[in-house]
Structures are given as C-alpha cells and as structure tokens.
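Visitor: what follows is a predicted structure for the sequence shown.
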Amino acid sequence: MKPFDYQAAFSRNLGWVRAEEQESLRGRRVAIAGMGGVGGGHLMALARLGIGAFTIADLDSFDLPNMNRQAGAFTSTLGRPKAETLAGMAREVNPEIRLRVFPNGITPENLDDFLDGADLFVDGIDFFAMDIRRLAFARCRELGIPAVTAAPIGMGVGLLAFMPTGMSFESYFRLEGQTEDEQYLRFLLGVAPRGLHRAYLVDPSRIDLANHRGPSTGAACLLCAGAVAAMATRILLMRGGVEAAPVHHHYDAYLQRFVQTRLRRGNAEPVQRLKLAIARRQFAAMLRAPRPPEPPATPLEAILEAARWAPSGDNVQPWRFEVLGEDQVRVRFDPHDPANPYEYRGGEPSVLSAGMMLEALRIAATMHGRAMECRIDEGSDRLVAELRFVPAPKQEPDPLYALLPLRSVDRRPYRRRGLLPRERTALEAAIGPGLRLRWHEDDNGRMAFARLGARATRFRLRLPGAHAVHRSAIDWAPGDSQTGIPAGATGLWRPTLPVMRWAIRDWRRMVAVNRLGGAHSAALQLDWATAFGSAAFLSVALPKDAPRDREGLLVAGASLLRFWLTATRLGLAMQPGIAVLLCAQAAGTSLPNAALARDAERCAEELRALAGPETDRLVFLARIGEPRDAPPRQRSVRRPLAELRGG
Ligand SMILES: Cc1cc2nc3c(=O)[nH]c(=O)nc-3n(C[C@H](O)[C@H](O)[C@H](O)COP(=O)(O)O)c2cc1C
C-alpha cells in the first residue's frame, strides 16, 4: 500500500486553493457539534478539504431511520456511536488528522473545552436541541470564533454565518425568554425566512413535534455539507467578503431557486413577525392533526397497502379484504348495483376494476418475493377471490410496482403532440394479445370522440338515475378525496364549480340548470376542450368470439391496468371515458323521455360508425397524452387499509 502523502491527497483542491493556503488548512481546527445528518457530512466534506484538525461531539448511536441521510449510517454501523464512527471515517480520508472526540456530546460544562483551539464552529446540532445551540453560538462570539449553521430544509440548504463582530445569533433569532415551541418556530423562520420548502411539503403529518422528529433528506444534508465547506474555505483562508448575518442564503435544489434575504433586525423585522403569527396558527393546527398510519407490519399488509391504489369507477373501491392467514386473503367485491347506470351490462365496469385490483395485488406481491395464487368463487352473488401469496425467491419485482401509487387520472387537456413510436410500442406490448387495441389519432377521430363524449355527458347529466351517483362521487371538501373524486379533479372549470355544487344537491335544481345550458356547458369543458387536448383516443375490445363473461373481463381489467401503469411510466396521462359506452348501450332500453332515447340512439349509431364490427365487443374507451402541467393539485386517494379490511 502506498504511504499517505498529504500534498498528493489534497492536490486536486489546488487551483481553487493555492498550495500555501492548502498548508494553512492543514493547520486549522474546526469544531463540529453533532455527527448526525448535517454534522457527519460537514466532517467528511471538511476532511476532504484537507482541514488538519477537528473537535467533534455526539452522544448518539446510529439507528435505521438515519440511513436516508447520515454520512456515517451504514448497515455495518447500526448501533455504533456516531462520534467514534465518523472519527474513523475521517481518518480513512486523512490518517494524519488530529481529532478530539467528545462521545458524550457537548454540554454547558464541557463547552469551553470543546471550543478550545477551534478556528471555526460548525453547527450540526439536532434541530430541537435549542438550549445548547444558543449557548454554543453565544460562547463562540465571546471567544471570537466564527460560527456557521447550514440547515437542511426540504431539498435545499439555508445558510447563515455569524462572525464575531457582526450580528449575533441571539439578535438574529430572538429566542431569549421564548417557550420551547416558539423557539423552534423562530429558528425555522430564521433559517428559511422565505419558506420555499413549504411549496412541496406533501405530507405535513410527518412533522412530529411531540417526539422531536421531522422529515429530512439526504439531498439537503449533502447540500449543507458542500455549502459549509465552501464557506469554511473563505473564512479560514481569510479571503474576506463573507456575507454573514443578517444576510441569509437559501438554495432550494428541488425548486431550482436561490434567494438571498437581509433581515437587519432578524426575527424582529415586521415581515418576520407577521410570518411568525401565521406560522403559530399553522403550528397549532399541526399539533391537532392526526398522526400518520403505522407502516405495514407484515409482507401481506404491504401488498394490500400497495394494491389499494388500484383504480375503480368514481373511486368507490368496491372491495374489502379479509385476512385469513399470514399469506392468505379473501377479497370480496361489492355486489352489482342495478340502480347505478354506470354499472351497465350487469356491472361490467366493476368487474374490470376487480381485474385491475387482482393485477395490482399480483404486481405488489412480486415486490415481496411472492407469487399470487388466485381462485375465483363463482357460486356467490358477488365476486369473491381467494388469494394466497406463496414465496417465490426467484421472482423479480415487477417494474410496474413503483407506478401503482403514482398513476392517477388527469382530466385536464393534454399536449396535442402525437404518440411517439416507442410509446406506442410499449403501450401495445403492455396490453398484450388478449385485447384488441385501436388508436384514433387524426382530427376526424378526435372530432368523433368529442361529439360522442359530449352527447354522453349531456345524456348522463339529464338522466335521473345518474344524479345520485354524481352527487356521492364528487367530493367538495378541499384537498384529496379518500372516497370519491375531488371537485377540483373532475375536469370542470373552476368558475363553474359553484353552480355545479348548488345544482347537484337537488335533482330539480339540476333540471333547471340543464335547461339554462348546464349540460352543454359541462360537455364543452369535459369533452370538447379535452378532445383537442389529447395525443390520441383509444378503444379496447374483446377479441372476436371471446366470451364476454366474468373471467374474460377480469383478464381484460388486468391488461388495462398494465396498459395504464405503462402509460404512467412513459410520463403519459390517461382518462377513461366509459360514459360513451353507458350512453350507447342504453339505446333501445326504456328511458324516462324521448330526448334521452334519441341521444342514446345517436350515440350508438355514431359509436358503430367509429368502431365498426368491434362495437359490441368494446370494453373500454380512453384518451391519452403528455400532460401539460404538473399533476393536478387534488387527486383521488384511497380509504385507509384498516377500513378496507372491514371484512
Ligand atoms: C373501469 C373504470 C372506468 C372509469 N371510467 C372513468 C370515466 O368514464 N371518466 C373518468 O374521468 N374516469 C374514469 N375512471 C377513473 C376513476 O374515476 C379513477 O380511477 C378513480 O376515481 C380513482 O382515481 P385515480 O385513478 O386518480 O387514482 C374509471 C376507472 C375505472 C377503473
């Protein structure tokens, strides 16, 4: 093995650092309190900068939840003390490194000893350990030691430097005399005054203030380490021009945004005080919010949890799970509801979604090294599936697994660009040979589908039997919907939602709104606007001579889910449009009035003109395309597993 040579080891810093400056760094000591998410990264980044001496402290040992972000967290270091582990890692970079290790962390008693000889103090202290942080910054100021803090915020870094003669930590954050919770708020608002991260905090329930735990990413910790190493270079080499507090920097890599703020009076600035007042209210709401569910305890629970994301008409989730053993489950599908006109042909859409659910379960099982054995109970009035998940060690995880929770209907217009050959090939392969897939991509096809869709929309909005379904399916509460479709995700234009909300409560109101053109307006929004905002329409039929029975439809559902997940994987959005099938199959049945009968007849004729001899074998219609924007803010989510396990 080659002997260690400092100059050679850090020679690639040269250029950004002069040779004599590198030697100066070799003689410097940095004190880092905390060897966790940020502290461990700081030590490694600074060791690679060639800093020759460190004082480090941490009283904790590595645990599994550290794995996502902490530099010293490996399966081999679980249970090992953080300070000692990181000391070993730094020595692996530079065996000459001079280290003082405080394995019991820093305390008011050992603080002076800890800071002894330090040229720079770096804050890697746990977010919630506010008392010792304040003490450390105050003591650094008294001792004339520059101190920096880099906060991992979302997927970004908030950076603050406190120089001995500049603004102090205390006058920036204003923590004196405040309660513990208020101190957390002030610290957070001080390290992230612009609150960029809030734009993508997708699950606030993960902030667990009571147990002093919050979400934190490896990306942010790595950014923090890089930012501190750069700042340390500047401070330790006396290059000057360091922008210290009250100047604050926030780089958010997720949002690709950088902001610099100057808070002359820190948290006492009027704008900060206003933000604090708002944050206090949000904080109180957060404390009242329900805690997130426990993660699945068994592979079977994990499989059910993932399969919950299977789609169903109007998000009704017509299934319940009965766990019979550690690898056995019975899925009961809801019986057919003849009063629901969307459940045409004896509940065909529900059987399709049952096929999707069974396929979702099969896909999820592969992730847990299991194969699914399925027996359908044919005797009962309802569909019942007896499932067994048997270990299959050679089973590769199905790549569609990852798409299960990400697939979601997008009912807005998409880009008009056509499907690329590779997209078409992947989609056709996904649906397999068991179904007949036809693309309708030219303007004539779009026009025909727009006309059909609009006719079907007018039909269902004027059909008394569909009214109850619409009323229960649309969820008017803000946010996602566990039991239906959020109003904001229906595809209706926002300004028209209040009218729809008013009308949908009562059939007579609906009739009145329809008379004033309500159904036409809905067709314009839901069908005409989207038809020309799509890459293609698609129709899916059973093959010639294939029986249109339960089994055939279950298999079709499975193929359709694979098709839909593949579309998601390709970055394409899809919206089924089965209302056309509902409308067309109503032709010749007894309908409440002549206008509806006429619409159904026309719909059936137009569909036949489009699909030809396949018309009677059609099982699914949809449109597809590249989304124009990020996914809709609101989406249908699912009932919690505990509820679906209701037996
Ligand atoms: C068989 C079936 C038929 C569907 N038909 C329609 C439809 O005609 N129009 C529509 O917008 N969504 C339709 N959907 C989509 C569901 O409304 C959607 O999957 C459900 O609300 C769950 O939402 P998510 O897919 O965003 O998770 C259908 C879904 C299935 C499984």
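Guide: Perfect, thanks for sending it. Small disclaimer: the values here were computed from a predicted structure and weren't measured.

Visitor: follow the chain on from the strand or helix carrying residue 22 and name the next helix or strand.
Guide: Per DSSP states H and E: residue 22 is located in helix 19-26. Once the chain leaves helix 19-26, the next helix or strand it forms, by DSSP H and E, is strand 29-33.

Visitor: tell me the mean pLDDT over the following helix or strand past that next one?
Guide: Using DSSP H and E, the helix or strand that follows strand 29-33 in sequence is helix 39-49. For helix 39-49, mean pLDDT is 98.

Visitor: numbering from 142 from now on, please.
Guide: Shifting the count to begin at 142 puts that one at helix 180-190.

Visitor: before we move on, the earlier item: what packs against the helix holding residue 163?
Guide: helix 359-377 (3 or more CB pairs under 8 Å, 6 or more residues apart in numbering; DSSP states H and E). To be clear about C-beta, it is placed using only N, CA and C from the backbone, and glycine gets the same treatment.

Visitor: residue numbers of the stretch 492-641 of the chain in contact with the ligand?
Guide: 493, 494, 497, 549, 550, 552, 626 (CB under 6 Å from any ligand atom).

Visitor: neighbours around the residue nearest to the fifth one when sequence neighbours are not counted, how many?
Guide: Okay, so that is residue 550. Among residues not flanking residue 550 along the chain, residue 716 sits closest, at 5.4 Å (CB to CB, 6 or more residues apart in numbering). The local packing of residue 716 (other CB atoms under 10 Å) involves 18 other residues.

Visitor: what does the one 4 residues further on give?
Guide: Taking other CB under 10 Å as the criterion, the count of residues near residue 720 is 23.

Visitor: now swap in residue 785 and tell me
Guide: Residue 785 sits with 18 neighbouring residues when counted by other CB under 10 Å.

Visitor: with just CA atoms, put the longest helix anywhere in the chain into CSV.
Guide: Counting residues, the longest helix in the chain under DSSP state H turns out to be helix 485-508. Taking Å, rounded to 0.1, in the frame of the first residue of the first chain, the C-alpha atoms of helix 485-508 are listed here in CSV:
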residue,chain,number,x,y,z
TYR,A,485,-74.1,-1.2,-17.3
ARG,A,486,-74.3,-4.7,-18.6
GLY,A,487,-74.6,-6.3,-15.2
GLY,A,488,-71.8,-4.3,-13.6
GLU,A,489,-69.2,-4.7,-16.3
PRO,A,490,-67.0,-1.6,-15.2
SER,A,491,-66.8,-3.0,-11.7
VAL,A,492,-65.7,-6.4,-13.0
LEU,A,493,-63.0,-4.6,-15.0
SER,A,494,-61.8,-2.8,-11.9
ALA,A,495,-61.9,-6.1,-9.9
GLY,A,496,-59.5,-7.4,-12.6
MET,A,497,-57.3,-4.3,-12.0
MET,A,498,-57.3,-4.9,-8.3
LEU,A,499,-56.3,-8.5,-8.7
GLU,A,500,-53.5,-7.5,-11.0
ALA,A,501,-52.4,-4.8,-8.6
LEU,A,502,-52.2,-7.4,-5.9
ARG,A,503,-50.2,-9.7,-8.1
ILE,A,504,-47.8,-6.9,-9.1
ALA,A,505,-47.4,-5.9,-5.4
ALA,A,506,-46.6,-9.5,-4.4
THR,A,507,-43.6,-9.6,-6.7
MET,A,508,-42.0,-6.8,-4.7
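
Visitor: for that helix, buried residues please.
Guide: 485, 488-508 (16 or more other CB atoms under 10 Å).

Visitor: so which elements touch it?
Guide: helix 440-448, strand 469-474, strand 511-518, strand 525-532, helix 691-710, helix 720-726, strand 759-766.

Visitor: that one to strand 525-532, inter-axis angle?
Guide: Here helix 485-508 runs at 10 degrees with respect to strand 525-532, directions being taken by axes from the mean of the first three to the mean of the last three CA atoms, to 10 degrees.

Visitor: would you map the strands across the stretch 542-691 of the chain?
Guide: 577-581, 615-616, 626-627, 677-682 (DSSP state E, counting those that start in this stretch).

Visitor: and the contacts of the third one?
Guide: The one in question is strand 626-627. Strand 626-627 is contacted from outside by 455, 456, 614, 615, 616, 618, 620, 621, 775, 776, 777, using CB atoms under 8 Å, 6 or more residues apart in numbering.

Visitor: farthest-separated two in the residues you listed?
Guide: The most widely separated members of the contacts of strand 626-627, counting by CB to CB, are 455 and 620 (17.7 Å).

Visitor: the more surrounded of those two?
Guide: Neighbour count, other CB under 10 Å: between residue 455 and residue 620, residue 455 has more, with 18 against 12.

Visitor: run a quick neighbour tally on the closest residue to that one other than its chain neighbours.
Guide: Spatial nearest neighbour of residue 455, chain neighbours left out: residue 614 (3.9 Å); criterion: CB to CB, 6+ apart. For residue 614, the tally of surrounding residues (other CB under 10 Å) stands at 20.

Visitor: pretty sure residue 614 contacts residue 625?
Guide: Yes. Contact criterion CB atoms under 8 Å: residue 614 and residue 625 qualify, at 4.7 Å.

Visitor: so what's in contact with the two at the same time?
Guide: Counting by CB under 8 Å, 6+ apart, the contacts common to residue 614 and residue 625 are 455, 456, 457.

Visitor: quick one: residue 533 and the ligand, what's the gap?
Guide: Distance, residue 533 to the ligand, by CB to the nearest ligand atom, to the nearest Å: 28 Å.

Visitor: how about that residue, phi and psi?
Guide: Residue 533 adopts backbone torsions of phi -140, psi 80, taken as degrees, to the nearest 10.

Visitor: hmm, it is touching residue 512, no?
Guide: Yes. Using CB under 8 Å, residue 533 is in contact with residue 512, at 4.0 Å.

Visitor: quick one, phi/psi of the residue of the stretch 492-641 of the chain found nearest the ligand?
Guide: Residue nearest to the ligand within the stretch 492-641 of the chain: residue 549 (3.4 Å; CB to the nearest ligand atom). Per-residue torsions, residue 549: phi -160, psi 150 (degrees, to the nearest 10).

Visitor: got the contact list for it?
Guide: Shown in contact with residue 549 (CB under 8 Å, 6+ apart): 772, 773, 776, 777.

Visitor: can you tell me the helix or strand for residue 343?
Guide: Here residue 343 is assigned to no helix or strand, by DSSP H and E.

Visitor: okay, now it: neighbour count?
Guide: The burial count for residue 343: 7, using other CB under 10 Å.

Visitor: quick check on it: phi, psi?
Guide: phi -80, psi -20.

Visitor: please pull out the lowest mean pLDDT helix or strand from this structure.
Guide: One helix or strand of the chain scores below all others by mean pLDDT, DSSP states H and E: helix 411-429, with a mean of 89.

Visitor: ok, residues contacting that helix?
Guide: Contacts of helix 411-429 (CB under 8 Å, 6+ apart): 322-323, 326-327, 329-331, 334, 336, 345, 348, 350-351, 404, 407-408.
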